[in-house]
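Q: quick one, what's the 3D model for this:
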Amino acid sequence: MSGHSKWHNIQKTKGAADAKRAQAFTKIAREIIVAVKEGGSGDPKNNMRLAAVITKAKAANMPNDNIKRTIDKALGSGDTSSFESVTYEGYGPSGVAVIVEAMTDNRNRTASEVRHCFDKYNGNLGPTNCVSWSFDRKGVIVVDNEDGDLDEDTVLMDAMEAGAADMETEEGVFTLYTAPEDVTAVADYMTAHGYKLDSAQEEMVPQSYVTLTAEGDRKNMQKMLDVFEDNDDVQNVWHNWENMDD
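A: Numbers count the residues shown, from 1 in each chain. Next comes the predicted model:
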């Protein structure tokens, strides 16, 4: 099991600032609300989608009190949130494949903002399934090894015991891949065995990657990703750009 993890190239930039953290928690809270309402239960044992979102929330260091409060809000009769999941697909500069996953209470607003972002940075919004065929949905768990203290063979052994399907090693992290439905169980196992997780969620993983040779294309692509990240409706952005500057 070898290879080069592209996690830091496809995952949204994780800001350390309080404002970024608060924005991330707000987006996860929105996912929790939708998971509770669509799954019909506030108990993760009876709601697989909620269990997966809670795993993601814990990996992002969202406090347990915040998670519980959000679940209670979703279960409360006074909550009038009407968010729905919407996915957009398109192309960035020079044909980079881009998938934008959003949760919105106003489809027209979100569609307009997403289209504008594609257009502004030399891309274009495409029809459904125009690029998703070139991605695989997988569970992706990123194990922190910033200090370099973890032994690769030991991590691999524990990952396989946990039920992971594959592992890639990169400086500072180990990336575990699982079936989408196994991400919660594998993440729980690794956490229980003392590992610190940077991320644990379902992701759209590209089957292949592209590089951008023109400086203008690289700048436009990065600006596009930054604008999407700052959009409150956008939950995740997946793409197949391999940024060689990272």
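
Q: tell me, how many residues neighbour Glu181?
A: 12 (other C-beta atoms under 10 Å). In this view, the C-beta of every residue, glycine as well, is placed from N, C-alpha and C.

Q: look up how far Ala185 lies from the closest residue in space to it that isn't next to it in sequence.
A: Nearest non-adjacent residue to Glu181, counting by C-beta to C-beta, 6 or more residues apart in numbering: Met48, 7.0 Å away. For Met48, the distance to Ala185 equals 11 Å [C-beta to C-beta, to the nearest Å].

Q: show me where pLDDT drops low in this structure?
A: The chain contains residues with pLDDT under 70 at 1-19, 77-81, 244-246.

Q: how is it divided into domains?
A: 84-133+207-239, 136-206 (automatic domain parsing).

Q: ok, which of those comes nearest Lys58?
A: domain 136-206 (7.6 Å; C-beta to C-beta).

Q: mind checking how far the closest one is from the chain centre?
A: Its chain's C-alpha centre lies 14 Å from the corresponding centre of domain 136-206 when counted by C-alpha atoms, centre = their mean, to the nearest Å.

Q: which strands and helices lie in contact with the helix or strand where Met224 lies?
A: Assigning secondary structure by DSSP states H and E places Met224 in helix 215-230. Judged by 3 or more C-beta pairs under 8 Å, 6 or more residues apart in numbering; DSSP states H and E, helix 215-230 is in contact with helix 107-120, strand 234-239.

Q: show me where the chain has strands.
A: For the chain, applying DSSP state E gives strands covering 84-91, 97-104, 124-126, 135-144, 166-170, 173-178, 197-206, 234-239.

Q: ranking these by burial, who's on top?
A: strand 173-178 (a mean of 25; mean count of other C-beta atoms under 10 Å).

Q: what lies in contact with that one?
A: 5, 7, 138-146, 150, 152, 155, 159, 162-169, 186, 190, 198, 205 (C-beta atoms under 8 Å, 6 or more residues apart in numbering).

Q: swap in stretch 113-131?
A: By C-beta under 8 Å, 6+ apart, stretch 113-131 touches 87-93, 96-100, 102, 216-217, 220-221, 223-224, 227-228, 231, 233-234.

Q: got the helices and strands packed on helix 215-230 as CSV, with distance to Tyr177 columns?
A: Output for those, formatted as CSV (distance: least, C-beta to C-beta, whole Å):
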stretch, distance to Tyr177
helix 107-120, 28
strand 234-239, 15
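
Q: can you tell me which of these is most buried?
A: Buried most deeply of the helices and strands packed on helix 215-230, by mean count of other C-beta under 10 Å, is strand 234-239, with a mean of 22.

Q: that one pairs with which strands, and in what direction?
A: Strands that pair with strand 234-239, judged by DSSP bridges, come out as strand 97-104 (antiparallel).

Q: now the partner strand and strand 84-91, what's the angle there?
A: 160 degrees (axes from the mean of the first three to the mean of the last three C-alpha atoms, to 10 degrees).

Q: give me the contact list for strand 97-104.
A: 27, 30-31, 34, 83-92, 110, 114, 118, 123, 131-132, 134-135, 204, 206, 210, 224, 228, 231, 233-240.

Q: now do 7 Å
A: Outside strand 97-104, the residues that touch it by C-beta atoms under 7 Å, 6 or more residues apart in numbering are 30-31, 34, 83-92, 110, 114, 123, 131-132, 134-135, 204, 206, 228, 233-240.

Q: from Asn64, how far out is Ser112?
A: 37 Å.

Q: now Ile54. Nearest residue, chain neighbours left out?
A: Closest to Ile54 by C-beta to C-beta, 6+ apart is Pro44, at 5.5 Å.
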